[in-house]
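> give me coordinates for this.
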Amino acid sequence: MPIDKLVTSGVFRLDGGEWDVDNNVWIVGDDRSAVVIDAAHDHQAIARALGDRELMAIICTHAHNDHINAAAQLADLTDAPILLHPDDGVLWNMVYPDREPDAPLLQGERLQAGGVELQVLHTPGHAPGAVCLYAPELGVVFTGDTLFKGGPGATGRSHSDFPTIIASIRDRLLTLPADTVVHTGHGESTTIGAEAPHLEEWLARGH
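Model prediction:
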């Protein structure tokens, strides 16, 4: 399968707090070209993982610092554009006040990563501009911090909202085939079918 996973480590910062985190960096494409989903913490490690492949784009599932803090250096090294949903501009500017992303990610847009098509799904809630990337031919969706093994991403900090993330997951993710593999921004992968009961339980509890 034309998917590589790299785990990088660093610090997540928001609302005056700091947390040590491990991030999943996903490289999708073929042996000639690829995209990086969430350039986290270590641009040199990501570049090594890319090897000789041409980097077509750096795709940001959202703009929390731990998902974009290697994006600018990786872009400068590879001449690849940085793509981000415009609703995450306020979070982006906390990390890069003097630099803008190169192009917007929009609902329904289709990106090419080597021979793989990625469909952009706008899934706000964890962050206003959060997106997921669905590769139907591979039966995979990259969810960033929108959906994890065990339930939705966190919504307890600024620029996040629980009802919004639940609506995003219900309307944009649970409509995917149940056997779709969910590759997350942190931790283990899961499937849409495995997570659907968790979400129903969360709704029933009124969280």
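> centre of the chain versus the lengthiest helix in the chain, how much separation?
Taking DSSP state H as the criterion, the chain has its longest helix at helix 192-205. Relative to the chain's own centre, helix 192-205 is displaced by 21 Å; criterion: CA atoms, centre = their mean, to the nearest Å.
> next one: stretch 165-185
With CA atoms, centre = their mean, you get 13 Å for stretch 165-185.
> and stretch 166-178, how far apart are its ends?
17 Å (CA to CA, to the nearest Å).
> now stretch 70-84
14 Å.
> quick one: mean pLDDT over it.
Mean pLDDT, stretch 70-84: 98.
> swap in stretch 114-128?
Stretch 114-128 carries an average pLDDT of 96.
> could I get that stretch in CSV with only the CA atoms?
Listed next in CSV are the C-alpha coordinates belonging to stretch 114-128 (Å, rounded to 0.1, in the frame of the first residue of the first chain):
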residue,chain,number,x,y,z
GLY,A,114,1.3,9.8,-6.9
GLY,A,115,-1.4,7.5,-8.2
VAL,A,116,-3.7,8.1,-5.2
GLU,A,117,-6.6,10.5,-5.2
LEU,A,118,-7.4,12.2,-1.9
GLN,A,119,-10.8,13.8,-1.4
VAL,A,120,-10.9,16.7,1.1
LEU,A,121,-13.6,16.5,3.7
HIS,A,122,-14.1,19.6,5.9
THR,A,123,-14.7,18.3,9.4
PRO,A,124,-14.7,21.3,11.8
GLY,A,125,-14.9,20.8,15.6
HIS,A,126,-11.5,20.0,16.9
ALA,A,127,-10.4,23.1,15.0
PRO,A,128,-12.5,25.3,12.7
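> and it, how far from the chain's centre?
7 Å.
> in that stretch, what's buried?
114, 116, 118-128 (16 or more other CB atoms under 10 Å). Quick note: C-beta positions are derived from backbone N, CA and C, even for glycine.
> so which of those belong to strands?
Among the buried residues of stretch 114-128, the members found in strands (DSSP state E) are 116, 118-122.
> dump those into JSON lines; add distance to residue 105 as well.
Shown next, in JSON lines, are those (distance: CB to CB, whole Å):
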{"residue": "116", "distance to residue 105": "16"}
{"residue": "118", "distance to residue 105": "10"}
{"residue": "119", "distance to residue 105": "11"}
{"residue": "120", "distance to residue 105": "5"}
{"residue": "121", "distance to residue 105": "10"}
{"residue": "122", "distance to residue 105": "8"}
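> nearest to residue 109, of those?
Using CB to CB, residue 120 is the member of those that lies nearest residue 109, at 4.3 Å.
> gap between the closest one and residue 189?
20 Å (CB to CB, to the nearest Å).
> and residue 16, by the same measure?
32 Å.
> and the contacts of stretch 155-169?
14-15, 90-91, 122-128, 130, 146-147, 152-154, 199, 202-203, 207 (CB atoms under 8 Å, 6 or more residues apart in numbering).
> just give me the neighbour total for residue 4.
As a burial measure, residue 4 scores 16 neighbours (other CB atoms under 10 Å).
> wait, is residue 74 part of a strand?
No: Residue 74: not assigned to a strand; according to DSSP: H, G, I helix; E, B strand; the rest coil it is helix.
> run a quick neighbour tally on it.
If you count neighbours by other CB under 10 Å, residue 74 ends up with 23.
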